[in-house]
Structure formats: structure tokens, C-alpha cells
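Undergrad: Got a predicted structure plus its sequence, pasted below:
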Amino acid sequence: MNKLSILIVLLSILFLSPTLAKKLTNDLPSIYYVSIPVQTEDAQWQLSGQYRLPKNQSNLPVPAVLILHSTSGVDSTGSFYAKALNKMGIATLEVDLWGARGMQGGSEDRPALPQETLPDTFAALQYLATRDEIDQNRIGVIGFSWGGVLSMLTATEHYMAMTGNEYRFAGHVAHYPVCWVYNLLPGFDFENLTGAPVMIQTGELDDYDLVDTCELMVNQIPEVDQQFVKINSYKNAYHAWDRLEPEWVVEDPFSHLGQGGEVTLSPNRAIARKSKRKVVAFFNKLFF
């Protein structure tokens with residue numbers, strides 16, 4: 001963009017009509033940075049997160065979606081969906097699973113297993129459910145890779161019984177959640193579902209799985225649970241297609257059906273827009 005174009009844009013913003021300027025301001029969410037206590041039998045810590053509340057709160061209490069990041073940590077992915085959800089009138093809470101643990105993320109600096117971050121997920125759910133402005137019966141979760149595993153595990157009664165309270169997620173979205181591990185490795189049980197709908201979105205070029213791994217996994221769970229699960233698969237999509245940072249090749253021991261090796265994290269904006277529309281439609285149907 002040349003200097004003249006930049007000047008025109010700046011002047012356009014400066015001389016916005018009061019009505020349009022007010023509309024743009026009203027469309028922006030209120031953003032807060034929160035600290036949520038997490039306690040287990042052995043330790044306690046403070047989970048940090050970005051809490052975004054839609055400005056137009058004429059229909060309080062509002063629904064909310066918990067956003068759980070991938071191994072790479074908080075990046076562009078969460079905000080890509082948070083903005084769309086906020087625009088719909090849905091609050092969002094994106095938490096940082098690594099910060100309180102003093103970790104940087106990546107396959108070399110993360111907890112050993114996603115289950116270690118279930119207490120954070122439970123605490124975030126309770127935080128949302130106990131806020132006056134949030135409808136505790138309309139809280140969903142979306143997770144990416146590591147966070148996608150958490151989204152799927154919390155769709156089961158086995159894991160949600162660990163919370164010690166009655167709160168449940170109303171719906172689950174899991175993007176590229178490494179489907180080969182479920183009902184194969186100990187601790188990755190995916191059956192006896194809570195009854196909340198589950199939407200799994202995968203890429204056919206994902207280095208963690210084969211093209212049909214997620215579909216095969218769902219076909220092998222009890223029929224009573226299959227009715228709650230839907231899969232969307234995207235051609236030409238690598239792992240983390242909606243992570244909009246530059247392409248990144250990493251080593252991960254869970255990749256290639258557990259054999260380990262290189263994983264390509266490659267953005268695809270066209271597919272990211274499609275997957276965002278699917279997410280918006282999922283939560284629109286669930287909440288409104």
C-alpha cells in the first residue's frame with residue numbers, strides 16, 4: 001500500500017460519520033484479562049485468559065465459548081474464531097494453558113499429556129458458569145490440536161464426572177484432534193458421551209492421522225454415541241490450517257499414527273474461512 005492509499009484510509013477513519021463511528025464502537029467486544037484459580041490434590045496455580053464480552057448485552061445472560069489452544073500456545077487461531085463468535089453475541093474465554101506452568105509450548109516444552117490440563121479446562125468452565133452475565137446452560141468449547149483433544153475428552157461422562165459439579169459443555173468443536181489416539185491409548189477414552197453435539201474438523205493432509213482415521217474412530221464407538229458426532233474433512237488442508245502464521249515444520253512424537261516425525265503446520269485462508277463458517281453455524285444452531 002502506497003503513502004497516498006494510507007493517507008486516504010486514515011482520513012476516512014478520521015471523518016467517519018458519528019452514526020457509523022458509534023456502530024463500529026458498539027460492534028467491538030469488551031475485553032478483560034482474567035486470572036482463574038486452579039486447584040488439584042497436589043498443586044494450585046492461576047490460569048490466565050482473555051475474556052471477551054459482546055457489547056450488545058440486551059439479552060443477558062449470553063452464551064459463551066471456551067477456546068483451548070494448540071501445542072504452539074496462544075496464537076492467531078483463537079482470535080480468528082473469537083471475533084466471529086463475539087459478533088454473534090457470544091462471549092469467549094481463551095485461556096493460556098502454558099503460562100502458569102512456565103512453559104513456552106511446542107512439542108519439547110509442554111506437559112506430557114493433554115489430560116494434565118483437564119483441571120484448567122474444568123476451572124474455566126466453572127468460571128464461566130458462575131458469572132451472572134453468562135447462561136450456564138449455553139457454554140460450548142472449541143479446541144485446536146492439543147485443545148481439540150481436551151474438547152473431545154470433555155464430551156465424555158468419564159472425564160466430566162471428575163469435576164465434582166453439575167456443569168457440562170453444551171457443545172464441542174475439535175479441530176485436528178489427533179483421532180488415532182482415541183480408544184487405543186490409555187486415558188484417551190471417547191465413548192459414553194454426555195449427549196452434547198460434537199463437531200470434528202480435520203485436514204486430509206494432516207501428518208498426525210490418515211485421511212479416514214477420524215471417520216474410522218467414530219464408526220467404532222457405540223452407536224448410541226455416534227449420533228452426537230459429525231466430521232468435516234477438508235482436502236488440501238494440513239494440520240493447523242487455520243493457524244494464520246507462516247508455515248512451520250515441527251517434530252512431534254504423536255505424529256504419523258504415533259511413530260513420530262515431522263508435522264507441517266500450514267495455513268490455508270480459504271479453508272480457514274470455510275471452517276469458521278462451520279463453527280459459526282454450529283454454535284448458532286446450538287445457542288439460538
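TA: That came in fine, so what should we check first?
Undergrad: Check the offset of the one helix or strand L128 maps to from the chain's centre.
TA: Applying DSSP states H and E as the criterion places L128 in helix 118-129. Helix 118-129 sits 14 Å away from the centroid of its parent chain (C-alpha atoms, centre = their mean, to the nearest Å).
Undergrad: Give the rounded mean pLDDT of that helix.
TA: For helix 118-129, mean pLDDT rounds to 98.
Undergrad: For that helix, name the packing helices and strands.
TA: Packed against helix 118-129 by the contact rule (3 or more C-beta pairs under 8 Å, 6 or more residues apart in numbering; DSSP states H and E) you find strand 30-39, strand 44-53, strand 62-68, strand 91-96, strand 134-144, helix 146-153. Any C-beta I mention is one placed from the backbone N, CA and C, and that applies to glycine too.
Undergrad: Give me the below-cutoff pLDDT ranges for this protein.
TA: Within the chain, the segments meeting pLDDT under 70 span 1-27, 57.
Undergrad: in the sheet, who's paired with V95?
TA: Counting by DSSP bridges, V95 forms beta bridges with G49, L68.
Undergrad: the helices in the stretch 101-250 of the chain, which residues?
TA: Along the stretch 101-250 of the chain, the segments classed as helices by DSSP state H, counting those that start in this stretch run 118-129, 146-153, 157-160, 213-220, 223-226.
Undergrad: Tabulate those helices (JSON lines), appending mean neighbour count.
TA: Listed next are the helices of the stretch 101-250 of the chain as JSON lines, based on neighbours: other C-beta atoms under 10 Å:
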{"stretch": "helix 118-129", "mean neighbour count": "22"}
{"stretch": "helix 146-153", "mean neighbour count": "27"}
{"stretch": "helix 157-160", "mean neighbour count": "17"}
{"stretch": "helix 213-220", "mean neighbour count": "17"}
{"stretch": "helix 223-226", "mean neighbour count": "12"}
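Undergrad: still on that earlier bit, and the contacts of the helix holding L128?
TA: If you take C-beta atoms under 8 Å, 6 or more residues apart in numbering as the criterion, helix 118-129 is touched by 34, 36-40, 47, 49, 64, 66, 68, 91, 93, 95, 97, 100, 134, 136, 139, 141, 150, 153-154, 159, 162-163, 165, 167, 169.
Undergrad: and it, C-alpha only, in CSV?
TA: The C-alpha trace of helix 118-129 is given here as CSV (Å, rounded to 0.1, in the frame of the first residue of the first chain):
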residue,chain,number,x,y,z
LEU,A,118,-8.1,-31.0,32.2
PRO,A,119,-8.1,-29.2,35.6
ASP,A,120,-7.6,-25.9,33.7
THR,A,121,-10.5,-26.7,31.4
PHE,A,122,-12.8,-27.6,34.3
ALA,A,123,-11.8,-24.4,36.2
ALA,A,124,-12.5,-22.3,33.1
LEU,A,125,-15.9,-23.9,32.6
GLN,A,126,-16.8,-23.2,36.3
TYR,A,127,-15.6,-19.6,35.9
LEU,A,128,-18.0,-19.0,33.0
ALA,A,129,-20.9,-20.9,34.5
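Undergrad: Stretch 53-65: which residues count as buried?
TA: 53-54, 62-65 (16 or more other C-beta atoms under 10 Å).
Undergrad: do stretch 248-263 as well
TA: The neighbour-count check on stretch 248-263 (16+ other C-beta under 10 Å) flags 250, 252, 254-257, 263 as buried.
Undergrad: how far is that stretch from where the chain is centred?
TA: With C-alpha atoms, centre = their mean, you get 21 Å for stretch 248-263.
Undergrad: and if you look at stretch 70-83?
TA: For stretch 70-83, the distance to the chain centre is 8 Å (C-alpha atoms, centre = their mean).
Undergrad: and the end-to-end length of it?
TA: Terminal residues of stretch 70-83 lie 18 Å apart, using C-alpha to C-alpha, to the nearest Å.
Undergrad: got the contact list for it?
TA: Here stretch 70-83 has contacts from 50, 52, 65, 67, 69, 92, 94, 96-98, 104-107, 110, 142, 144-148, 240, 242-245, 248, 252, 265, 272, 276, 279, using C-beta under 8 Å, 6+ apart.
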